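Chemist: Let's see this in three dimensions:
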Amino acid sequence: MKRILTIAGSDSGGGAGIQADLKTITVLGGYGMSAITALTAQNTLGVRGVHPVPVDFIRLQMETVLSDIGADAAKTGMLATPEIVRAVAEELKRFKVELLVVDPVMVAKSGDSLLSEEARATLKEVLLPMAYLVTPNLPEASVLCRFPVKDLETMKDAAKAIRHMGARYVLIKGGHLEKEAVDLLFDGEKFERYETARLPTRNTHGTGCTYSAALTTLLVQGIPVHEAVLEAKRFITRAISQGLSIGSGHGPTNPYAQVLLYKERERVLGMLETALEELTREPLGALIPEVRSNLGYALPGAANYEEIAAVPGRISQVGDKVIACRNPTFGASRHIARVILAAMKHDPDMRSAMNIRYSPEILDACRSAGLLIASFDRREEPGEMKEREGSTLEWGTQRALKGVSGFPDLIYDEGEKGKEPMIRVLGHGPMEVVEKVTGVARAWNREKSLAYPS
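Modeler: From the prediction side, this is the model:
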């Protein structure tokens, strides 16, 4: 187990600083240690007071830990004064801690200043040249570079300028961008872009601390920097998506969401198996399309198709009987996963979907079953999107969701050349989806019996 020393301020509200760092390090399998640089009185509404720890006592904390336990890596957060910055740098050099991640904490989520002007200058002069990776957000990058950093182009300029200050790698975090949530990693030669959907939540307290602590833990475990950023980005996205609605202001991110990801796996598979058993009991074969069906169910906060369970080989039929020949597993269907991931961007709890056959008569049965319907037209998809493999379902689902008030029960398209028309039934869980599909089948059978009485 790798030893990681976090040198940062204490957040009395538990959402950021030392508290967030230690939670994150532990969840990701590291051994966390701390040297507290400042005590803060804060909650979700803001910082009510800051009490810097005496420099000699910060040195004593670091010396006591490093002389006995040692550290494979360190990360810094709130350092408050130039004297603290210098002391931290000197102790890290003295004990030869080589892997250092610097999170240049300057301003709290509430807007309160956490780093003096002198300390900012000392940080640039003393600590950045020691950093393996530095992780400023846009306001922090603006302060470090002394020019506004507000878009992708100025992010690139800032990354170049900060790397020139001595850091080996620079990660500019784009959470403050107006539209895209894009991070840029610069290694001195090329940029690598990391983009995730912007999540509609105010529970983002501690985002920077959690992100940088995750990066430190992954890097010290030997993961290459480009992969570590990708994995840490997934980690923080999941922590934000499962953020905690506590207090009256900005609630904290949730590092424990990573543990829930694994704890939930068996439950997700079990619920999907139960839903499939129910599905095979019903005479639903006529609803299975030519390309066959699948039923998927995502883990909470799923970020990719590997975190969505479905049926390998899809769901088929013999006559009216539905057949699922294999047990569900994660990563079994990119097709249904794209639909679910797109739906979760609008409602993180809408985690299940199944595709069924389209026809005008089946669509009428969906209306008779009382389902809310949305649609998209494949012919309207931009050309550049069509060129990307598998982009149509994501684009189409997003397009349909924007055009309806409330969350629809299903989304359909009428296909195009080489693409079968399809209905995709959505739900919070697989049993809800199966119930909707069963309701459609029953409504369709009723309408057929009325149109063709025996």
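Chemist: Going by residue numbers, what spans are strands in the stretch 151-300 of the chain?
Modeler: Listed in chain order, the strands of the stretch 151-300 of the chain (DSSP state E, counting those that start in this stretch) span 169-172, 181-186, 191-196, 295-298.
Chemist: May I have the strands that pair with the first one, each with its orientation?
Modeler: So the one you mean is strand 169-172. Strand pairing for strand 169-172, determined by DSSP bridges: strand 133-134 (parallel), strand 181-186 (antiparallel).
Chemist: contacts for the shortest one?
Modeler: Contacts with strand 133-134, where a contact means CB atoms under 8 Å, 6 or more residues apart in numbering, come from 101-104, 128, 162, 167-171, 215, 219, 225. In this view, the C-beta of every residue, glycine as well, is placed from N, C-alpha and C.
Chemist: make it 7 Å
Modeler: With contact meaning CB atoms under 7 Å, 6 or more residues apart in numbering, strand 133-134 is reached by V101, V102, P104, L128, I162, A167, R168, Y169, V170, L171, L215, V225.
Chemist: Which of the strands paired with strand 169-172 has the lowest mean pLDDT?
Modeler: Out of those, strand 181-186 stands lowest, with a mean of 92 (criterion: mean pLDDT).
Chemist: Domains in the chain, by residue range?
Modeler: Residue ranges for the domains of the chain, per automatic domain parsing: 3-255, 259-451.
Chemist: what pLDDT, on average, does the shortest one get?
Modeler: This points to domain 259-451. Rounded mean pLDDT across domain 259-451 is 90.
Chemist: re the thing from before, pick the most buried one from the strands of the stretch 151-300 of the chain.
Modeler: strand 295-298 (a mean of 29; mean count of other CB atoms under 10 Å).
Chemist: List the residues that contact the nearest residue to W444 once chain neighbours are set aside.
Modeler: Nearest residue to W444, sequence neighbours excluded (CB to CB, 6 or more residues apart in numbering): A365, at 3.6 Å. Residues counted as contacts of A365 (CB under 7 Å, 6+ apart) are V440, A443, W444, E447.
Chemist: Run through the neighbouring helices and strands of the helix or strand harbouring the third one.
Modeler: Under the assignment given by DSSP states H and E, the secondary-structure element containing W444 is helix 430-451. Based on contacts counted as 3 or more CB pairs under 7 Å, 6 or more residues apart in numbering; DSSP states H and E, the elements that helix 430-451 packs against are helix 257-281, strand 295-298, strand 352-357, helix 360-368, strand 422-427.
Chemist: ok, 6 Å please
Modeler: Packing contacts for helix 430-451, counted by 3 or more CB pairs under 6 Å, 6 or more residues apart in numbering; DSSP states H and E, involve helix 257-281, strand 352-357, helix 360-368, strand 422-427.
Chemist: Name the surrounding residues that touch the last one.
Modeler: Taking CB atoms under 6 Å, 6 or more residues apart in numbering as the criterion, the residues outside strand 422-427 that touch it are 339, 343, 350, 352-356, 358, 410-412, 433, 436-437.
Chemist: With the second one instead?
Modeler: For strand 352-357, the surrounding residues in contact (CB under 6 Å, 6+ apart) are 287, 289, 293, 295-297, 336, 339-340, 422-427, 429-430, 433.
Chemist: And the next helix or strand past whichever strand in the chain runs longest?
Modeler: When the chain is scanned for its longest strand (criterion: DSSP state E), the result is strand 31-43. Counting by DSSP H and E, the next helix or strand C-terminal to strand 31-43 is strand 46-52.
Chemist: so what does that next one touch, helix or strand wise?
Modeler: Looks like strand 46-52 contacts strand 31-43 (3+ CB pairs under 6 Å, 6+ apart).
Chemist: Is the closest residue to L99 other than its chain neighbours bridged to anything, and to what?
Modeler: Among residues not flanking L99 along the chain, A73 sits closest, at 4.0 Å (CB to CB, 6+ apart). Beta-bridge partners recorded for A73 (DSSP bridges): I4.
Chemist: Which pLDDT value belongs to A73?
Modeler: Residue-level confidence at A73 comes out at 98, pLDDT.
Chemist: for it, what are its contacts?
Modeler: A73 is in contact with I4, L99, T216, V220, counting by CB under 6 Å, 6+ apart.
Chemist: ok, back up a step: and the strands paired with strand 169-172 as CSV, adding distance to D320?
Modeler: As requested, the strands paired with strand 169-172 are exported to CSV (distance: least, CB to CB, whole Å):
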stretch, distance to D320
strand 133-134, 59
strand 181-186, 47
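Chemist: ok, now which ones touch L287?
Modeler: So L287 contacts I356, R357, A441 (CB under 6 Å, 6+ apart).
Chemist: how does it look with 8 Å?
Modeler: S293, I356, R357, I362, V437, V440, A441, W444.
Chemist: Repeat that for G32.
Modeler: I4, T6, D21, L22, I25, T26.
Chemist: excluding its backbone neighbours, what's nearest the residue positioned nearest the centre of the chain?
Modeler: By CA atoms, centre = their mean, the chain has its centre lying nearest to T237, at 2.1 Å. Closest residue to T237 apart from its sequence neighbours, by CB to CB, 6+ apart: T196 at 4.9 Å.
Chemist: So that neighbour sits against E180, correct?
Modeler: No - in this structure T196 lies outside contact range of E180 using CB atoms under 8 Å: 9.2 Å.
Chemist: Tell me which helix or strand S67 sits in.
Modeler: helix 55-68.
Chemist: list the helices and strands that helix packs on?
Modeler: When contacts are defined as 3 or more CB pairs under 8 Å, 6 or more residues apart in numbering; DSSP states H and E, helix 55-68 sits against strand 3-11, strand 31-43, helix 82-94.
Chemist: So which of the ones you listed is nearest N203?
Modeler: strand 31-43 (13.5 Å; CB to CB).
Chemist: quick one: which of the contacts of A365 is most hemmed in?
Modeler: Tallying neighbours with other CB atoms under 10 Å puts V440 at the head of the contacts of A365, with 26 neighbours.
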